[in-house]
Structure formats: C-alpha cells, structure tokens
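**Student:** here is my input, please return the structure:
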Amino acid sequence: MITSLGALGAPRSRATDINNRGQVVGWWGTFSETRAFLWKEGVMIDLGTLEGRWAQAHAINDVG
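**Tutor:** Residues are numbered from 1 along each chain as shown. The predicted structure is shown next:
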C-alpha cells in the first residue's frame, strides 16, 4: 500500500527510511532549502535544518 506523506506545503519531499514501528524519515523543501522530517502516526513533523539551509534524515532505528 502506498501512503502519501505530504510535503508541508513545499513542492517536493522524499522518504528515505522506515522502521518496524511505521515511522518514516526523509526530507522536504524547495530548490533553495531542504528540511528533515519525521512522519509518525499520520503526522509529518518538521525537524528543521540545524541552523543551515539543508538537512535530510536518512535513517531511523526501531527505537525511533
């Protein structure tokens, strides 16, 4: 089954990993900035950029 995770209003997003609890990480953004996200329980959570313009989450373990 495919589930749309959304993009928090940005034109693009990409999921990069999923754990056994169904939590997903990845990135969303524009062509001038990307931000990391955590998706869990149907909600995409912005993890920010850690003071820069580019951040991407690439992996998540089963602890979350």
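
**Student:** which residue sits closest to Val25, ignoring its sequence neighbours?
**Tutor:** Once its chain neighbours are removed from consideration, Val25 has its nearest residue in Ala57; the separation is 3.6 Å (C-beta to C-beta, 6 or more residues apart in numbering). For every residue, glycine as well, the C-beta is placed using N, CA and C.

**Student:** if I read this right, that neighbour contacts Leu47, doesn't it?
**Tutor:** Yes: contact between Ala57 and Leu47 holds when scored by C-beta atoms under 8 Å: they sit 6.4 Å apart.

**Student:** what touches both of the two?
**Tutor:** With contacts taken as C-beta atoms under 8 Å, 6 or more residues apart in numbering, Ala57 and Leu47 have 36-38 as neighbours in common.

**Student:** name the member of the residues you listed with the most neighbours.
**Tutor:** Highest neighbour count within these: Phe37, with 28 neighbours (other C-beta atoms under 10 Å).
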